[in-house]
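Engineer: this is the structure alone, sequence omitted:
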């Protein structure tokens, strides 16, 4: 597939497999090394590499990520637009509107790089070549058309996680355009494309390749050469789940390369790698949890530096099934209260439900600033969200990368983190309906954001307005400032349209009333005037005028005239009542229209006043939150200082008490002499107890000799009773 005629036939490989089957690892560790070694072996090809993901465009679209990847240093930095400040934006717009033109320009750049490589080779061999001008070298093939041969420098484009195109909130038209751009790059042999796609999204990919679906793009450039995307993008490789032998190699070979050993259990006689193999075989998606568990075992042996992966660490981690959830729960428990409270809104932004009612949860890529700039966050909550994200990144639960605008993008490292962690899984199950409502509005939001924030892409349908109201009411803390602004504008536009529609209806009703009622009243008035004139000139005038007529005819005429003379008063009264009713109805309609206009004007003024009051209230609330946060921080600082002061005071008291006791002991030893009579008394008691007299010590005898002569005591005579005195 990578060499010879195969390159001429198929320049795309679609790696299909279930989630967690190792598609990305196969490309990075298998296909790309083999591809580059092949070019070195052929001796005349060098490879440029470009990596992209549809979701790596942040709040933009996949064309931004694709254009930025094509202009990276490892890909085609020689492209003319790459030198400009926003060159990737120009290339993205061209890929979006005219992919064939962009493919031709990229192909010309590859030819230019090939010529530069040839010039360098000629310089090494001593040939004289004129200096090359990059712009002229690129423009010349455009004038003379690309040469039929393939360029000597080739580009390998890796589109990882192509399923993000179908769950990232992109419209069907944008999905088709992106697939068409890949088809143009493949058709013009600009790049060898390797894409990873989950098997359950292959039907959506094939739908985008359908010519009938592609016809809605209205891109004649794609139909000039009758490109059939279903044939151009036909390269496919189905990656099955790993077998037992492959799992064994995944466990043992990296450990051997790192100089690690697996501990032997003395009780069972099993090694740890055998237990890991058995657990991996019984697991439905073994690779992600196995990767995480081996990483945890490696981290735990680092402080010991013995290179031994131990059974105790394995059991403490919770085994293969529970290691990831236990690790995430331990990391979460180490956070403070504000950081733990930020878990729900952060996770809700990083996860999206898959297609269908029973679709599995899929990770989303979100800018770092959107995770911490939700309108419902206070300063403490924002700081807590930052601490949570930073700790999760450090512990390998979240992953960061750079987007086209050099902004930091955040996503889950593995989807099994939120699928196997019970705490997060419960939160997502509770808010699944809100997540689906957000994803239904996501295509319009991306079009509105990337299209210059025009009102044309605001929510207009009734269901969309209901979703927007629900999200603002119950999901506001899990939306970024940009999302909230989009939803608020949609609701304000809907209210404005409703007010204009009501006013227009009233105006139309008044116009119709004026158009039909006034001519009817005029006609009725003219008819009544004519009948009154006929009635006033009726029988008398006609009798005088026809005096010579016959009596029979005169009587018949009189009877007819009499009957006709009785009819006009009833008809006139009916017409008058109808006219009055219509006039009254017209006046009521005009009064209602005027009242409606007054109420609309009053409602508008009240709305403006309420909006102004709301803004003032929000500003005051934000100021109060800032002051409360400042007061809280000052209070915490004072409490910390007070605790330190109390600890120092207690320590000083202890030291003072110790010094006082030491001082008293020293004073006692220095001021109070040792009583000698105690020793003498003790010796006397010993002599009485033993019945013998002890000989004085040499020190006592010496003291007696040096003692001055004193008069001897006069010995008292014994009393008469014959008893011994106390002195004796």
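Structural biologist: Cool, got the structure. Predicted, not measured: the structure shown is a model, and the values here were computed from it.
Engineer: please parse the chain into its domains.
Structural biologist: Per the record, the chain has its domains at 5-238, 242-334, by automatic domain parsing.
Engineer: worst average pLDDT in the ones you listed?
Structural biologist: Per-stretch mean pLDDT for those is lowest at domain 5-238 (a mean of 76).
Engineer: just put the domains of the chain in TSV and tack on mean neighbour count and distance to residue 491.
Structural biologist: C-beta coordinates here come from the backbone N, C-alpha and C atoms, glycine included. Shown next, in TSV, are the domains of the chain (neighbours: other C-beta atoms under 10 Å; distance: least, C-beta to C-beta, whole Å):
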stretch	mean neighbour count	distance to residue 491
domain 5-238	18	20
domain 242-334	16	36
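Engineer: out of those, nearest to residue 408?
Structural biologist: Nearest of the domains of the chain to residue 408, taken as C-beta to C-beta: domain 5-238 at 9.5 Å.
Engineer: same for the host helix or strand of residue 256, what does it pack against?
Structural biologist: Per DSSP states H and E, residue 256 falls inside helix 244-257. Secondary-structure packing of helix 244-257 (3 or more C-beta pairs under 8 Å, 6 or more residues apart in numbering; DSSP states H and E): helix 272-282, helix 287-301.
Engineer: if you set the cut-off to 7 Å instead, what comes out?
Structural biologist: The contact analysis (3 or more C-beta pairs under 7 Å, 6 or more residues apart in numbering; DSSP states H and E) places helix 244-257 against helix 272-282.
Engineer: just checking, what packs against the helix it packs on?
Structural biologist: Helix 272-282 packs on helix 244-257, helix 319-333, going by 3+ C-beta pairs under 7 Å, 6+ apart.
Engineer: mind doing that once more with 6 Å?
Structural biologist: Helices and strands touching helix 272-282, by 3 or more C-beta pairs under 6 Å, 6 or more residues apart in numbering; DSSP states H and E, are helix 244-257.
Engineer: quick one: the helix it packs on to helix 287-301, angle?
Structural biologist: For helix 244-257 against helix 287-301, the angle by axes from the mean of the first three to the mean of the last three C-alpha atoms, to 10 degrees is 30 degrees.
Engineer: how about residue 59, nearest residue that isn't a chain neighbour?
Structural biologist: If the residues on either side of it in the chain are set aside, residue 59 comes closest to residue 449, at 5.4 Å by C-beta to C-beta, 6 or more residues apart in numbering.
Engineer: contacts for the helix or strand hosting that neighbour, please.
Structural biologist: Remark: residue 449 resides in helix 432-450, with elements defined by DSSP H and E. Applying C-beta atoms under 6 Å, 6 or more residues apart in numbering, the external contacts of helix 432-450 come out as 59-61, 169, 171, 352-353, 457, 467, 470-471, 475, 486.
Engineer: mean confidence for it?
Structural biologist: 86.
Engineer: now that helix: buried residues?
Structural biologist: 434-435, 437-450 (16 or more other C-beta atoms under 10 Å).
Engineer: what do you get for stretch 335-345?
Structural biologist: Within stretch 335-345, the residues scored as buried using 16+ other C-beta under 10 Å are 335, 338, 339, 341, 342, 343, 344, 345.
Engineer: show me what contacts the closest residue to residue 31 other than its chain neighbours?
Structural biologist: Using C-beta to C-beta, 6+ apart and skipping the chain neighbours, the partner closest in space to residue 31 is residue 194 (5.8 Å). Residue 194 makes contact with 13, 27, 31, 158, according to C-beta under 6 Å, 6+ apart.
Engineer: re the thing from before, dump the domains of the chain to CSV, plus distance to residue 656.
Structural biologist: Listed next are the domains of the chain as CSV, based on distance: least, C-beta to C-beta, whole Å:
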stretch, distance to residue 656
domain 5-238, 63
domain 242-334, 39
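Engineer: out of the ones you listed, flag the one nearest residue 372.
Structural biologist: That would be domain 5-238 among these, by C-beta to C-beta, at 14.6 Å.
Engineer: if we can go back for a sec, out of the buried residues of stretch 335-345, which sit inside helices?
Structural biologist: Among those, the members falling in helices (DSSP state H) are 338, 339, 341, 343, 344, 345.
Engineer: pick the one among those closest to residue 289.
Structural biologist: Residue 289 has its nearest neighbour among those in residue 343, at 21.1 Å by C-beta to C-beta.
Engineer: distance of residue 428 from residue 349?
Structural biologist: Distance of residue 428 to residue 349, computed by C-beta to C-beta, to the nearest Å: 12 Å.
Engineer: ok, those two, which is more surrounded?
Structural biologist: Neighbour totals were compared for residue 428 and residue 349, and residue 349 leads with 21 against 18 (other C-beta atoms under 10 Å).
Engineer: element containing the more buried one?
Structural biologist: Per DSSP H and E: helix 343-350 holds residue 349.
Engineer: circling back to that earlier point, possible to save the contacts of residue 194 as a markdown table with secondary structure and distance to residue 492?
Structural biologist: Output for those, formatted as a markdown table (DSSP: H, G, I helix; E, B strand; the rest coil; distance: C-beta to C-beta, whole Å):
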| residue | secondary structure | distance to residue 492 |
| --- | --- | --- |
| 13 | strand | 49 |
| 27 | helix | 47 |
| 31 | helix | 51 |
| 158 | strand | 44 |
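Engineer: from the residues you listed, pick the one nearest residue 283.
Structural biologist: Nearest to residue 283 among the contacts of residue 194, with distances taken as C-beta to C-beta, is residue 27, at 22.9 Å.
Engineer: the closest one: what's it in contact with?
Structural biologist: Each residue near residue 27 by C-beta under 6 Å, 6+ apart is listed here: 158, 194.
Engineer: that one and residue 623, how far apart?
Structural biologist: Taking C-beta to C-beta, one finds residue 27 at 53 Å from residue 623.
Engineer: again, but for residue 503
Structural biologist: 38 Å.
Engineer: so between these two, which is more surrounded?
Structural biologist: Set side by side, residue 503 and residue 623 show more neighbours around residue 503, with 15 against 10, by other C-beta under 10 Å.
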